[in-house]
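Asker: quick check, what structure comes out for this input:
(chains A and B)
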Amino acid sequence: MNYRSYFKSEWLSLLRRKQDTLNALLFFVMVITLFPLGVDPSSEFLSPAAGGIIWCATALAILMAVEGMYKEDYNDGSLEQWLASGLSISILVFLKVFAQWVMVVVPLLLVLPLLAQMLFLPASALGVVMWSILLGTPALFFIGSIGAALTVSLRRGAVLMLLLILPLYIPVIVFATGAVRAAQMEMAYSGQLAILGAISLVALALSPIMAAVSIRASVN
Amino acid sequence: MRKTVKLDIKNLSIERGERDLCCELSFSVQSGDLIRIAGENGAGKSSLMKAILGWVPIEDGELIYNGEDVTQHRDMLLQDQLYLGHTPGIKNVFTALENLKLYCPDKSDRQLEQALEEVQLFAFADIPAAQLSAGQKRRIALARLWLTDKSLWFLDEPFTALDVKGVSVLEEKMAAHLSEGGAVVITTHQPLLHLSPKVIELSV
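Answerer: As a prediction, the model looks like this:
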C-alpha cells in the first residue's frame, strides 16, 4: 500500500457507495424544503433566515456523512492494515477526509442555487453563502473525523460522537451565518470569512494527528 | 533471497484489562524460522502479535530488530513485515483484483492475476468481494503473499475458512518462503501438516 494507491481506492470506494453520499445530500435538501412548510413560507421570514437554515442543514448533513467514515475500515480490518503499512496514519486520514469533503460538498454547492431561490435568499448573498461553505466545511469534516475515529470501536457510538463534536461545530456555524447576515445588511463580511478559513486551517493542522492517535487507540 | 532478519523479543510482558497475557516472554525470530504461537482461546495470541507490531501497548520488555532497539519506534520492523489479521482488510465493494491493487500498487495486472491464479481465484478476479465466500475473501488476502518481497510474515489464523486444498497451498508457500530465507510467525489451532514450527505456548 502507498499513499497513491490508497487515495485511488478511497475514491473508488466512495464512488461505489454513492448512496451514502446521496443520503447526506438528500437529507440536506429535505431539511431545507421542510423549513418553510413548518415555520413560515413568507419571504419576510425566509429571506433573513435563509443563511441560518442553509448552514444548519449543511452541518447536519456533514455530521451524517462523517459519523461512520471509519466504520467499514474498522470492521474489515483495513485500519489494522493502515497501522501495519508503516505509512503515516495522519496522511491517510487527511486523504480520506479530503476525498469525503469533495464528494459531499461539490454536489451540495451544485444544488445550493436552487435551494437559495426557494428560501428567497437575495442573489447578492448567494456568493457569500457559497464562500462560507467552501471555507467553513473543511473544519466540520476534520473535526468530525476526530469524533468518528474516537468512537469507531463502539457499537453505538453515534450519539457519543454527536455530543463530543457538536459543541466544536458551533463557532463555525456562528461565523458562517454572521458572514451571510453581514452581507445581507451590506456590511463587510470578509472578517468572518477569514475566521472561517482560519478555523479550517487549524482543524486541518491538528485533526489528522488527533484522529491518528484515536485510531491507534481504537484498533487493538 | 529475502533480506535476512533477526527479531529478538526480550522479557516481554503484556497486560490487557488488568490481566497478564504474557509475562517475561523471550524468544527470537530469524531468517528460516517458523514460529507458531499456541494457546487456548483468549490466551492472547493475537494480542502478542499486535504487541510485537506495536499497536497493543507493552508493559515491559524490549524488541531488538537486526541489532537495533525498536521498542519505541517500530518503523524499521514495519517496513520488512507483512501482517494478515483475523479480518484481513478486504473491501467488500472492490473486486479481488482491485483489493490486491490497493496493497500491491507496484505490480502489473499480469502479476496480480498470476497471484490470484495461485490461490484459485482467477475466475473470480472481477467479482466484488461482497459476493465471495469467507474462504475466498481470505484467499484474496493470502494472494498478497505471492506478491510481496517482505521477509517477515505475521499471519494471524491464516487457515480460518480455508478448504483442505487451500491449506496445503498456503503451507507450500510458507515452506518456499522459509527456504528463501524468510521468517513466519503464525497463530493457528490447526496442526501444520508438513512443517514443524517452533512453538511458543501461552497459557490462560
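Asker: just checking, what packs against the host helix or strand of A:L201?
Answerer: Following DSSP states H and E, one finds A:L201 within helix A:190-218. Of the remaining helices and strands, those touching helix A:190-218 by 3 or more C-beta pairs under 8 Å, 6 or more residues apart in numbering or on different chains; DSSP states H and E are helix A:78-85, helix A:89-118, helix A:123-150, helix A:158-184. The way it works is simple: take the backbone N, C-alpha and C, and place the C-beta from them, glycine included.
Asker: tilt between it and helix A:78-85?
Answerer: Counting by axes from the mean of the first three to the mean of the last three C-alpha atoms, to 10 degrees, helix A:190-218 points 80 degrees away from the direction of helix A:78-85.
Asker: would you mark the buried spots in helix A:190-218?
Answerer: Taking 16 or more other C-beta atoms under 10 Å in any protein chain shown as the neighbour-count basis, helix A:190-218 is seen to contain the buried residues A:192-193, A:195-197, A:199-200, A:203-204, A:207-208, A:210-212, A:214-216, A:218.
Asker: which residues of chain B lie near chain A?
Answerer: Of all the residues in chain B, those in contact range of chain A (C-beta under 8 Å from any C-beta of the partner chain) are B:47, B:50, B:53-57, B:75, B:78-79, B:81-83, B:85-94, B:98, B:101-103, B:105-106.
Asker: how about the strands in chain B?
Answerer: Using DSSP state E, the strands assigned to chain B run over residues B:6-16, B:19-30, B:34-38, B:60-65, B:68-69, B:81-84, B:152-156, B:183-187, B:198-201.
Asker: can you redo the ones you listed as TSV with mean pLDDT and mean neighbour count?
Answerer: Written out in TSV, the entries for the strands of chain B read as follows (pLDDT from 0 to 100; neighbours: other C-beta atoms under 10 Å in any protein chain shown):
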stretch	mean pLDDT	mean neighbour count
strand B:6-16	85	18
strand B:19-30	82	16
strand B:34-38	88	21
strand B:60-65	87	17
strand B:68-69	85	12
strand B:81-84	91	23
strand B:152-156	91	24
strand B:183-187	91	25
strand B:198-201	83	13
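Asker: just send the ones you listed back as JSON lines, with distance to A:V128 too.
Answerer: Formatted as JSON lines, the entries for the strands of chain B read as follows, by distance: least, C-beta to C-beta, whole Å:
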{"stretch": "strand B:6-16", "distance to A:V128": "53"}
{"stretch": "strand B:19-30", "distance to A:V128": "58"}
{"stretch": "strand B:34-38", "distance to A:V128": "61"}
{"stretch": "strand B:60-65", "distance to A:V128": "56"}
{"stretch": "strand B:68-69", "distance to A:V128": "56"}
{"stretch": "strand B:81-84", "distance to A:V128": "50"}
{"stretch": "strand B:152-156", "distance to A:V128": "54"}
{"stretch": "strand B:183-187", "distance to A:V128": "59"}
{"stretch": "strand B:198-201", "distance to A:V128": "65"}
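Asker: how about those strands, which one is nearest A:V93?
Answerer: Proximity to A:V93 (C-beta to C-beta) singles out strand B:81-84 among the strands of chain B, at 19.9 Å.
Asker: so what strands line up beside that closest one?
Answerer: Its sheet considered, strand B:81-84 pairs with strand B:152-156 (parallel) by DSSP bridges.
Asker: the strand it pairs with: how far from the chain's middle?
Answerer: A distance of 2 Å separates the C-alpha centroid of strand B:152-156 from that of its chain, computed with C-alpha atoms, centre = their mean, to the nearest Å.
Asker: got the CA coordinates for that strand in CSV?
Answerer: Backbone C-alpha positions of strand B:152-156 (Å, rounded to 0.1, in the frame of the first residue of the first chain) are rendered in CSV as follows:
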residue,chain,number,x,y,z
LEU,B,152,8.8,-11.3,8.0
TRP,B,153,5.3,-12.6,7.8
PHE,B,154,2.9,-12.3,10.7
LEU,B,155,-0.2,-14.5,10.0
ASP,B,156,-3.0,-14.5,12.5
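Asker: next, the angle strand B:183-187 makes with it.
Answerer: Using the same axes, to 10 degrees: strand B:152-156 against strand B:183-187 is 10 degrees.
Asker: just want the angle from strand B:152-156 to strand B:6-16.
Answerer: Between the axis of strand B:152-156 and that of strand B:6-16 there is an angle of 30 degrees, by the same axes, to 10 degrees.
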